[in-house]
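Trainee: Sharing a model that was predicted from the sequence below.
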Amino acid sequence: AKILVLHGPNLNLLGSREPDIYGHESLADINQRLAAQAQAAGHALDCYQSNAEHELIGRVHQARDDRTATILVNAGALTHTSIALRDALAAVAIPFIEVHLSNVFAREPFRHHSYLSDIAVGVICGFGGDSYRLALEAAIQRLPADP
Ligand code: DQA
């Protein structure tokens with residue numbers, strides 16, 4: 001099946017951005033590992049990063065047309081602000097898992113609320129780059145293998 005990984009604003013800076021919080025791994029490293037993990041399980045993975053809310057929304061809409069089966073979403077700060085991204089995910093009705101590198105609940109109070117969590121299949125946060133691996137494992141569990 002087709003799996004989409006969506007990365008929101010500032011995640012292009014991973015590796016150099018606040019490494020004490022987000023680690024030293026780059027986004028390219030993470031994406032590469034996820035692609036290998038998906039391939040080993042017989043699935044196709046597409047990764048998309050944007051700093052622009054409307055681009056992320058457009059990619060979610062496209063996911064319905066390209067028959068994406070499931071989405072992993074790290075919306076970055078848009079997690080805490082974007083009703084529009086929430087509405088896009090609800091509109092396409094594709095099951096998604098919310099992902100964060102950091103444990104948002106151990107951080108500033110403004111990161112404790114998410115506009116996505118209550119419509120997500122589940123949420124994984126606090127394991128650094130490993131959060132994505134765990135989320136992908138959970139997503140794959142729920143997918144039929146491609147013929
Ligand atoms: C983040 C947490 C958000 O609060 C923050 O705005 C990010 C990254 C994470 O992966 O830990 O940009 O989503």
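Mentor: Perfect, thanks for sending it.
Trainee: List the buried residues for the lowest-mean-pLDDT helix or strand in the chain?
Mentor: Ranked by mean pLDDT, DSSP states H and E, the weakest helix or strand in the chain is helix 19-22, scoring a mean of 92. Buried residues in helix 19-22, counted by 16 or more other Cβ atoms under 10 Å: residue 22. Backbone N, C-alpha and C define where each C-beta goes, glycine included.
Trainee: after it, next one along is what?
Mentor: Downstream of helix 19-22, the next assigned helix or strand under DSSP states H and E is helix 27-40.
Trainee: now that following helix, how far from the centre of its chain.
Mentor: Taking Cα atoms, centre = their mean, to the nearest Å, the mean C-alpha location of helix 27-40 is offset from the chain mean by 13 Å.
Trainee: contacts for whichever helix or strand comes after that helix?
Mentor: Using DSSP H and E, the helix or strand that follows helix 27-40 in sequence is strand 44-49. Contact partners of strand 44-49, identified using Cβ atoms under 8 Å, 6 or more residues apart in numbering, comprise 1-8, 11-12, 27, 31, 34-35, 37-39, 56, 59, 68, 136, 146.
Trainee: Repeat the analysis, applying 6 Å as the threshold.
Mentor: Strand 44-49 is contacted by residues 2-7, 11-12, 31, 34-35, 38, 59 when judged by Cβ atoms under 6 Å, 6 or more residues apart in numbering.
Trainee: In terms of secondary structure, what does the very next helix or strand once past it contact?
Mentor: Proceeding N to C from strand 44-49, the next assigned helix or strand is helix 53-65, under DSSP H and E. When contacts are defined as 3 or more Cβ pairs under 6 Å, 6 or more residues apart in numbering; DSSP states H and E, helix 53-65 packs onto helix 83-92.
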